[in-house]
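Peer 1: Mind looking at a prediction? Sequence and model below.
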Amino acid sequence: MKKITVIAFGLLLLVGHAFAQKEFKLAKSTGKLTINNISNLTVEGYDGKEIIFNATGKSEKIDDPRAAGLSALSNSGFDNTGIGISITERENAVIVAPIKNGVALKVKLPQGMALSIKTSGLANQDSVIMLSNIKSELDASTQYESFKLVNVTGPISLKTLYGNIEGKLTNTFKGPISLVSVYGFVDVSVPENAKADLSISTQYETLYASKDLKLVLEEAPAIKDIYNLNSVVALAEQPLGQNLEVLTVDGVKVSSTPIKVKGSGTVITTVESSSKSTSSSSALTTEKAAPATKPVTSRAFTYTTNSPAVLTYGRGFGSTVNGKLNGGGEKVILKSTYGKIYLRK
């Protein structure tokens, strides 16, 4: 038992040396802090007069006699902190970048300072940037990293390509707030009495919200895009793989939802389901229309019919919602192209 304890203690010492934690302080409490290309990052706001950096990373073995008396150099400069990062001061800004690979950084940020975060290139998709208790302006742009926000005030602008965004706003949050992901989800909690003008959209997924929110939705504007017949024929030749229905207008099949079509002459529409191998049809509408060109509006776009042609449009993707929360107030934008959106209280 004693031998096992000694071995375990020795392993802990080795781990401590391999991942040494070091601290660096900078006397700065105003302006902006910009952090570049650090994926393993935690920033916490606090009432203080110094920026406190704590870095954890692999300790390198100096076994190259040629490197004696030299320092590691990257395109960010030298390690002028002793903890594996470079700090540069320019006017009223502080710029931080890693010198060594695998640096994990924790920052305590004075409440009077704005924060900017930027990453580029490949990263671990499990990387989460933690941001908490920040009362100043925050903007960030990443490719693979996700965000988790706790007790943040704003204004906030977050954009990520593959990451997710989870956040909880304070009771005194300030707009505008924009949380955007292309491939990830966006999950946000708002205070019960928060006043906001909301704009929420997901192009290919579903929007979920708490029914307890006092949200008054605005009427969705009609989509006015007009497609010529050649474009629509091309769409018909290359369907999007959606579960469409087929209309027959004057003997010509049209992929769509059941609608009332107006044009010159008598129009008979027949619905066939394309989602089954065997289809059934039934006449829906027959009417005499005024001899004029009339627009036909779908959930996807608006087109114009004035002669028999093959026209295709989808049922429409995702959801777009605009509305006022508790009467309206600060501007809040939640957006994802391919991910879901969750709005909670």
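Peer 2: Great, that's in hand. Numbering: from 1, shown residues only.

Peer 1: quick one: which helix or strand includes the nearest residue to A209 once chain neighbours are set aside?
Peer 2: Sequence neighbours aside, L343 is the residue nearest to A209 in space, at 4.1 Å (criterion: C-beta to C-beta, 6 or more residues apart in numbering). Using the backbone N, CA and C atoms, a C-beta is placed for each residue, glycine as well. Counting by DSSP states H and E, the element that carries L343 is strand 341-344.

Peer 1: any idea of the mean pLDDT for that strand?
Peer 2: The pLDDT scores in strand 341-344 average 96.

Peer 1: got a list of contacts for that strand?
Peer 2: The contact list for strand 341-344 (C-beta atoms under 8 Å, 6 or more residues apart in numbering) reads 185-190, 198, 200-202, 205-210, 213, 334-335.

Peer 1: ok, 6 Å please
Peer 2: With C-beta atoms under 6 Å, 6 or more residues apart in numbering as the test, strand 341-344 has contacts from 186-189, 200, 202, 207-210, 334.

Peer 1: and which of these is nearest T170?
Peer 2: S189 (10.6 Å; C-beta to C-beta).

Peer 1: Test my guess that that closest one contacts K168.
Peer 2: Yes - S189 is within contact range of K168, at 4.5 Å (criterion: C-beta atoms under 6 Å).

Peer 1: still on that earlier bit, just the buried ones out of the contacts of strand 341-344, please.
Peer 2: 186-189, 200, 202, 207, 209, 334 (16 or more other C-beta atoms under 10 Å).

Peer 1: Which two of those have the greatest separation?
Peer 2: S189 and T202 (17.6 Å).

Peer 1: ok so, going back, okay, the buried ones among the contacts of strand 341-344 in TSV with secondary structure, pLDDT and distance to G323 next?
Peer 2: Shown next, in TSV, are the buried ones among the contacts of strand 341-344 (DSSP: H, G, I helix; E, B strand; the rest coil; pLDDT from 0 to 100; distance: C-beta to C-beta, whole Å):
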residue	secondary structure	pLDDT	distance to G323
V186	strand	98	16
D187	strand	97	18
V188	strand	96	14
S189	strand	94	17
I200	strand	95	8
T202	strand	93	15
L207	strand	93	12
A209	strand	94	10
L334	strand	97	12
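
Peer 1: still on that earlier bit, so what sits opposite the residue nearest to A209 in the bridge?
Peer 2: V188, A209 (DSSP bridges).

Peer 1: okay, now it: neighbour count?
Peer 2: By other C-beta atoms under 10 Å, 21 other residues sit near L343.

Peer 1: now the helices: where do they sit in the chain?
Peer 2: Secondary structure of the chain (DSSP state H): helices located at 2-18, 229-237.

Peer 1: ok, and the closest non-adjacent residue to S319?
Peer 2: Nearest one to S319, counting by C-beta to C-beta, 6+ apart, is L207 at 4.3 Å.

Peer 1: what's the neighbour count on the nearest residue to T34 once chain neighbours are set aside?
Peer 2: Spatial nearest neighbour of T34, chain neighbours left out: S116 (4.4 Å); criterion: C-beta to C-beta, 6+ apart. As a burial measure, S116 scores 17 neighbours (other C-beta under 10 Å).

Peer 1: about what we covered before: just the closest of the buried ones among the contacts of strand 341-344 to A140, please.
Peer 2: V186 (13.8 Å).

Peer 1: For the residue lying closest to V96 once chain neighbours are set aside, grab the count of nearby residues.
Peer 2: Excluding its sequence neighbours, the residue lying closest to V96 (C-beta to C-beta, 6+ apart) is I35, at 4.7 Å. If you count neighbours by other C-beta under 10 Å, I35 ends up with 24.

Peer 1: what's across from I35 in the sheet?
Peer 2: V96, I117.

Peer 1: Roughly how far does it sit from S120?
Peer 2: 13 Å (C-beta to C-beta, to the nearest Å).

Peer 1: do the same with T34
Peer 2: 13 Å.

Peer 1: who's more crowded, the two?
Peer 2: T34 (18 against 11).

Peer 1: close enough to count as contact, that one and I95?
Peer 2: Yes - using C-beta under 6 Å, T34 is in contact with I95, at 4.8 Å.

Peer 1: about what we covered before: weakest of the helices of the chain by average pLDDT?
Peer 2: helix 229-237 - the lowest mean pLDDT of the helices of the chain, at a mean of 40.

Peer 1: Once you drop chain neighbours, what's closest to I99?
Peer 2: Leaving out its chain neighbours, I99 is closest to D79 (C-beta to C-beta, 6+ apart), at 4.3 Å.

Peer 1: neighbours around the one you found, how many?
Peer 2: By the measure other C-beta under 10 Å, the count of residues near D79 is 18.

Peer 1: Would you confirm that it contacts K100?
Peer 2: No - the pair D79 / K100 is not scored as a contact, 7.4 Å apart, by C-beta under 6 Å.

Peer 1: May I ask which two of the contacts of strand 341-344 are separated the most?
Peer 2: Comparing all pairs in those by C-beta to C-beta, the longest separation belongs to S189 and T202, at 17.6 Å.

Peer 1: coming back round to it: quick check: phi and psi at the residue nearest to I99.
Peer 2: Main-chain dihedrals, D79, degrees, to the nearest 10: phi -80, psi 100.
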